[in-house]
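Asks: With the input below, show me the fold.
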Amino acid sequence: MRNSYPFLEDGCSGRFWEGWFKSQALLDEKALVACLAYVDLNPIRAQIAETPEESDYTSVQVRIKALLLYPDHTATQPEGLMLFAGNPRKDMPKGLPFWLEYYLELVDWIGRILREDKQGNIPSHCLPIP
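Replies: The predicted structure is shown next:
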């Protein structure tokens, strides 16, 4: 059986290998949306893409493509991704406790912020996420 920790299997140790796997509990909706936006903006911050629509291999790109195919929002959200179910409530359906439109607006807004510790951002000449 293959070991799930490569540093043990390969006999590697040290700060890099032992620090490779981390987990952080996302204890509330704020933490969840912050993590989602961080991951979806990684290609932009790394200057691999200019906009979320061009960010290959991100869930935000898949969601935007689905919205562009059905601008009247008649289609369900993309298969394989957790649904955006709306505002959190007592009888919450299974899904992310946000509205998709608000999440896309947040990603667009955060992505345009210039940060000294990051290389890229969404340029001001780009249109907002559809």
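
Asks: what about this protein, any weak spots by pLDDT?
Replies: In the prediction, the chain carries residues with pLDDT under 70 at positions 1-21, 71-76.

Asks: Let's see that with 90 instead.
Replies: Along the chain, the model assigns pLDDT under 90 to residues 1-30, 66-101, 114-119, 129-130.

Asks: what's the top helix by length along it in contact with?
Replies: If you go by DSSP state H, the chain has its longest helix at helix 29-45. For helix 29-45, the external contacting residues (Cβ atoms under 8 Å, 6 or more residues apart in numbering) are 24-26, 49-52, 54-60, 88, 96-98, 103, 106-107, 110-111, 115, 118-122. The way it works is simple: take the backbone N, C-alpha and C, and place the C-beta from them, glycine included.

Asks: Over to stretch 95-114?
Replies: By Cβ under 8 Å, 6+ apart, the surrounding residues in contact with stretch 95-114 are 29, 32-33, 36-37, 40-41, 44, 51-52, 60, 63-64, 67, 77, 82-88, 121-122, 124, 128-129.

Asks: if you set the cut-off to 6 Å instead, what comes out?
Replies: By Cβ atoms under 6 Å, 6 or more residues apart in numbering, the surrounding residues in contact with stretch 95-114 are 29, 37, 40-41, 44, 52, 60, 82-86, 88, 121-122, 128-129.

Asks: For ChimeraX, what selects the buried ones among these?
Replies: In ChimeraX, this line selects whichever of the contacts of stretch 95-114 come out buried by 16 or more other Cβ atoms under 10 Å:
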select :37,40,41,44,52,60,84,85,121,122,129
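
Asks: Now go through the contacts of stretch 95-114 and say which are in strands.
Replies: Among the contacts of stretch 95-114, the subset assigned to strands under DSSP state E is empty.

Asks: Go through the contacts of stretch 95-114 and flag which are in helices.
Replies: Per DSSP H, the contacts of stretch 95-114 map to helices at 29, 37, 40-41, 44, 60.

Asks: Let's see the longest helix of the chain as CSV, backbone CA atoms only.
Replies: Extracted in CSV, the C-alpha atoms of helix 29-45 (Å, rounded to 0.1, in the frame of the first residue of the first chain):
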residue,chain,number,x,y,z
GLU,A,29,-19.2,31.4,6.0
LYS,A,30,-16.6,34.2,6.0
ALA,A,31,-13.7,31.7,6.2
LEU,A,32,-15.3,29.6,3.5
VAL,A,33,-15.8,32.4,1.0
ALA,A,34,-12.3,33.8,1.7
CYS,A,35,-10.8,30.4,0.9
LEU,A,36,-12.9,30.0,-2.3
ALA,A,37,-11.8,33.5,-3.5
TYR,A,38,-8.2,32.9,-2.6
VAL,A,39,-8.1,29.7,-4.7
ASP,A,40,-10.0,31.1,-7.6
LEU,A,41,-7.7,34.2,-7.7
ASN,A,42,-4.4,32.2,-7.6
PRO,A,43,-3.9,32.3,-11.4
ILE,A,44,-4.4,36.0,-11.4
ARG,A,45,-2.1,36.7,-8.5
